[in-house]
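*Asks:* Need coordinates for the below:
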Amino acid sequence: ILTHPDYIDGNPDLIKPKKLLNPVKASKSHQELHRELLMNHKRGLGVESKPELQRVLEHRRRNQLIRQKKEEEEAKKLQSPFEKELLKRHQRLDQVELNNGDSSFLQLEKEQEKQEAHAPEFIKVKENLRRT
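*Replies:* Okay, here's the model as predicted:
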């Protein structure tokens, strides 16, 4: 048994309540999703199949990730001579730390200086040009 509301009296001074809107159903994304589900149902497509927009977006994301990985690989390949030399020295330092010998590091540097001393003249000149 329901009681009748008091606002039916017809008093124009009272504000009549309105039904509240469901914010989920009022949202554009919900409406578009519902419309798409109805269209798919009419066509006979299953819920498991992805909409075309979602497939295109996933394809773009996948291509973008692949492109980004390729660019990173190319950046690694195109290292400057300075970066290569830093990498070599870092690897030597790691080897020295593994051997736990400070004297071996000094020996490596002496060997490198000997190799530079026996290098042809044009290589020395080229290195001097790079430094300036």
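*Asks:* what's the following helix or strand after the helix-or-strand element of the chain with minimal mean pLDDT?
*Replies:* In the chain, the helix or strand scored least confidently by mean pLDDT, DSSP states H and E is helix 102-117, which has a mean of 68. Next in sequence after helix 102-117, counting helices and strands by DSSP states H and E, comes helix 121-131.
*Asks:* now that following helix: mean pLDDT?
*Replies:* Computed over helix 121-131, the mean pLDDT rounds to 73.
*Asks:* Just the pLDDT for the residue nearest the centre of the chain.
*Replies:* The residue lying closest to the centre of the chain (Cα atoms, centre = their mean) is Leu65, at 7.5 Å. At Leu65, the model reports a pLDDT of 96.
*Asks:* which secondary structure element contains it?
*Replies:* helix 52-77.
*Asks:* Could you write out the alpha-carbon coordinates of the next helix or strand along the chain from that helix in CSV?
*Replies:* Counting by DSSP H and E, the next helix or strand C-terminal to helix 52-77 is helix 81-99. The C-alpha coordinates for helix 81-99 follow below in CSV (Å, rounded to 0.1, in the frame of the first residue of the first chain):
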residue,chain,number,x,y,z
PRO,A,81,83.0,7.3,-31.3
PHE,A,82,83.1,9.1,-27.9
GLU,A,83,80.2,6.9,-26.6
LYS,A,84,81.9,3.8,-27.9
GLU,A,85,85.1,4.7,-26.2
LEU,A,86,83.2,5.4,-22.9
LEU,A,87,81.6,2.0,-23.3
LYS,A,88,84.9,0.2,-23.8
ARG,A,89,86.4,1.9,-20.7
HIS,A,90,83.3,1.0,-18.7
GLN,A,91,83.7,-2.6,-19.7
ARG,A,92,87.4,-2.6,-18.8
LEU,A,93,86.5,-1.1,-15.4
ASP,A,94,83.9,-3.9,-14.8
GLN,A,95,86.5,-6.5,-15.7
VAL,A,96,89.0,-4.9,-13.3
GLU,A,97,86.4,-4.9,-10.5
LEU,A,98,85.7,-8.5,-11.1
ASN,A,99,89.4,-9.3,-10.8
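*Asks:* got the domain boundaries for this protein?
*Replies:* Listed by the TED database, the domain ranges of the chain are 49-78, 80-119.
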